[in-house]
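> Any chance you can model this:
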Amino acid sequence: MTVLALRVNGEAVRVAAGTTIADVVTGLLGGDDPKGVAVAVDRCVIPRSEWASTPARAGSLVEVVTAAAGG
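Numbering: from 1, shown residues only. Okay, the predicted model is just below:
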């Protein structure tokens, strides 16, 4: 099995080849609803509609952020 190394929210992460951005988000959130979540890969925002079709790539910088309300 091929393993890819990438960074997710600044942490080194290893995932299997074929992993998608949707898989990365699911793993990070522990299966919680990704409502209010945005993802950028290499500083480019990925629309939610493309998460499942966007492969994780070795060396990518993935940022997963959650919206927060407050003042």
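
> what sits against V25?
34, 37, 39, 51, 64 (C-beta atoms under 8 Å, 6 or more residues apart in numbering). Any C-beta I mention is one placed from the backbone N, CA and C, and that applies to glycine too.

> May I see those arranged in TSV, with neighbour count, secondary structure and pLDDT as well?
Formatted as TSV, those follow (neighbours: other C-beta atoms under 10 Å; DSSP: H, G, I helix; E, B strand; the rest coil; pLDDT from 0 to 100):
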residue	neighbour count	secondary structure	pLDDT
P34	17	coil	84
V37	16	strand	95
V39	23	strand	97
W51	19	helix	97
V64	18	strand	96
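
> For A5, state which of these is nearest.
V64 (16.9 Å; C-beta to C-beta).

> Pairing partners for the closest one in the sheet, please.
V39 (DSSP bridges).

> Now do the same contact list for it.
Contacts of V64 (C-beta under 8 Å, 6+ apart): 8-9, 24-25, 28-29, 37-39.

> what do you get for G27?
V15.

> List phi and psi for it.
Main-chain dihedrals, G27, degrees, to the nearest 10: phi -60, psi -40.
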